[in-house]
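Colleague: Everything below, folded, please.
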Amino acid sequence: MIPHGKHILILGGGVIGVACAHYLHQAGYQVTVIDQHTIAGACSHGNCGYVCPSHVLPLTEPAAIGIALRSLFNPNAPFYVKPTLDPETLKWFWQFAKRCRHKSMIASGRPLKAILDASMAAYHQLVKEEGLKCEWRDSGLLYVLRSQRAMADFAATDQLLTREFNVSARRIEGPELCSLDPSLKPGLAGAFLYETDTMLRPERLCREWRERLMCRGVRFVESCEVLSAEKEADGIECVITSKGPMTADGYVLATGARSGQLGHLFGCYLPIQPGKGYSVTMPRPAICPSYPMLFPEHRVGVTPFQEGYRLGSMMEFVGFDEQIPSSRVEQLKRSAEPYLKQPHTDGQSETWYGWRPMTWDSLPAIGPASGLRNAYVATGHNMLGLSMAPATGKMIAAMIAGKGPELDLSPFDPARFARA
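Modeller: Predicted structure coming up:
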């Protein structure tokens, strides 16, 4: 517990760091957020903007390891793993593979559902009370399938979600699709609409949220790289950055995919691999989708914004690679062509990549750093950082204030990795 009014330094300015800043300030703390680049400029910028409780199943599904193995020989696969002999990466995949079982998938899905539901409730309150102009839409999320076999497979997944998690979709047959959303091509097999999912524009959410927090006295420092930390007997005394030493009464590690490299500063073993994704944002087509959509057979997502249109996809385990190959951008565009009448447009576009912070059990690390009285961890949210951000911020604020969190924290304990 850290008394109210004290200073908390948050390392990492993505949506998780901003959410932690919001709820810590709301709880009465002075807050500074630092980032080695720009605030909300990494994975919090160019993702598809889904806030999706339907994404309750973890990446550690039984089929995942086979997909990963096949991708070793296909660099163009939507899910690609680059061959490596790095011991830490190999250990990560071994631990990941051990969890690609039905029982483990369901066990991880339960805490995921709890935090996703808590975040959705917090978002509804947050967007209303703060008046955030972030293109929030209670539209639902439409999973569109091309083949009857894919419809049957997805129907089985939907039945599992209903049975295990009380998450159900509305099934839409192929002939109904064009009337539901005229942007879709005729001849598709059908779709499943998860009506409780929502969408927003992530970069606008973070910009609006940051501006409000700055007006209330929260300090944001960009281009500030964390270099090391100085510790005292049972806590962190200061953090050494590229802009000099920074002291605080409490510290929160929220550096996303970089957390694996920085966890040792907090005395934590955080096996987080960067899962690289891409997006391209372009002008809206004349026949633009009404719904945000996912095309599971091609693993591509579509988000229609008020001013713009985004295609996003891919999961590459290639380390901290900074390239945006033109082949991947073209692949995104081609992947939408079987489904949409106007899948992409000409004109100025923004290409983007981001490193998702992937843990081997698909669960985030949220909790106190072992052995340090004033250090906390909020990272490893995999592909769901936007969806989990408010609940994460509330949990961190509650822990620092010495209050009981709303959710069971044990599945998210950062110390669990050292015990594996």
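Colleague: would you say Arg356 is within a strand?
Modeller: Yes - applying DSSP: H, G, I helix; E, B strand; the rest coil, one finds Arg356 inside a strand.
Colleague: Any idea what Leu184 is bridged to?
Modeller: Leu340 (DSSP bridges).
Colleague: I'd guessed Ser370 sits against Leu270; true?
Modeller: No - the criterion here is CB atoms under 8 Å, and Ser370 misses it with Leu270 at 11.5 Å. (C-beta placed from N, C-alpha, C; glycine too.)
Colleague: Between the two, tell me which one has more neighbours.
Modeller: Between Ser370 and Leu270, counted using other CB atoms under 10 Å, Leu270 has the larger neighbour count: 24 against 15.
Colleague: List the contacts of that one.
Modeller: Leu270 makes contact with 259-260, 263, 365, 377, 379-380, 414, 417, according to CB atoms under 8 Å, 6 or more residues apart in numbering.
Colleague: Neighbour count and secondary structure added to those, as CSV?
Modeller: What follows is those, written out as CSV (neighbours: other CB atoms under 10 Å; DSSP: H, G, I helix; E, B strand; the rest coil):
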residue, neighbour count, secondary structure
Ser259, 26, helix
Gly260, 24, helix
Gly263, 23, helix
Ala365, 26, strand
Val377, 27, strand
Thr379, 31, strand
Gly380, 30, coil
Pro414, 27, coil
Phe417, 20, helix
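Colleague: Kindly present those as a markdown table, with separate columns for distance to Ile39 and pLDDT.
Modeller: Conversion of the contacts of Leu270 to a markdown table gives the following (distance: CB to CB, whole Å; pLDDT from 0 to 100):
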| residue | distance to Ile39 | pLDDT |
| --- | --- | --- |
| Ser259 | 17 | 96 |
| Gly260 | 21 | 93 |
| Gly263 | 22 | 94 |
| Ala365 | 22 | 98 |
| Val377 | 20 | 98 |
| Thr379 | 16 | 98 |
| Gly380 | 20 | 98 |
| Pro414 | 24 | 97 |
| Phe417 | 28 | 96 |
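Colleague: looking just at contacts, which helices and strands does the worst-scoring helix or strand of the chain on mean pLDDT meet?
Modeller: The least trusted helix or strand in the chain, going by mean pLDDT, DSSP states H and E, turns out to be helix 64-71, with a mean of 76. With contacts defined as 3 or more CB pairs under 8 Å, 6 or more residues apart in numbering; DSSP states H and E, helix 64-71 has these neighbours: strand 79-81, helix 87-98.
Colleague: To Gly13, which of these lies closest?
Modeller: For the helices and strands packed on helix 64-71, proximity to Gly13 was assessed by CB to CB; helix 87-98 is nearest, at 25.5 Å.
Colleague: rewinding a little: touching the least confident helix or strand of the chain from outside, list them.
Modeller: By CB under 8 Å, 6+ apart, the list of residues contacting helix 64-71 from outside reads 77, 79-81, 93, 96-97, 100, 317.
Colleague: ChimeraX command to pick out the buried ones of those?
Modeller: Only the buried entries of the contacts of helix 64-71 go into this ChimeraX selection, using 16 or more other CB atoms under 10 Å:
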select :77,79,80,81,93,96,100,317
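Colleague: Lowest-confidence entry in the contacts of helix 64-71?
Modeller: Scanning these for pLDDT, the smallest score is found at Ala77, 79.
Colleague: Identify the residues contacting that residue.
Modeller: Going by CB under 8 Å, 6+ apart, Ala77 touches 67, 70-71.
Colleague: what's the nearest residue to Leu213 if we skip its chain neighbours?
Modeller: Ala21 (5.7 Å; CB to CB, 6 or more residues apart in numbering).
Colleague: pretty sure the one you found belongs to a helix, no?
Modeller: Yes - according to three-state DSSP, the state of Ala21 is that of a helix.
Colleague: Can you give me the neighbour number for it?
Modeller: Taking other CB under 10 Å as the definition, Ala21 ends up with a neighbour count of 31.
Colleague: distance of it from Ile115?
Modeller: 19 Å (CB to CB, to the nearest Å).
Colleague: Please apply the same query to Leu145.
Modeller: Taken as CB to CB, the span from Leu145 to Ile115 is 28 Å.
Colleague: what sits up against stretch 389-401?
Modeller: Counting by CB under 8 Å, 6+ apart, 1-2, 4, 8, 15-16, 18-24, 26-27, 29, 115-116, 118-119, 122-123, 126, 250, 252, 364, 366-368, 376, 378, 381, 404-407, 409 sit against stretch 389-401.
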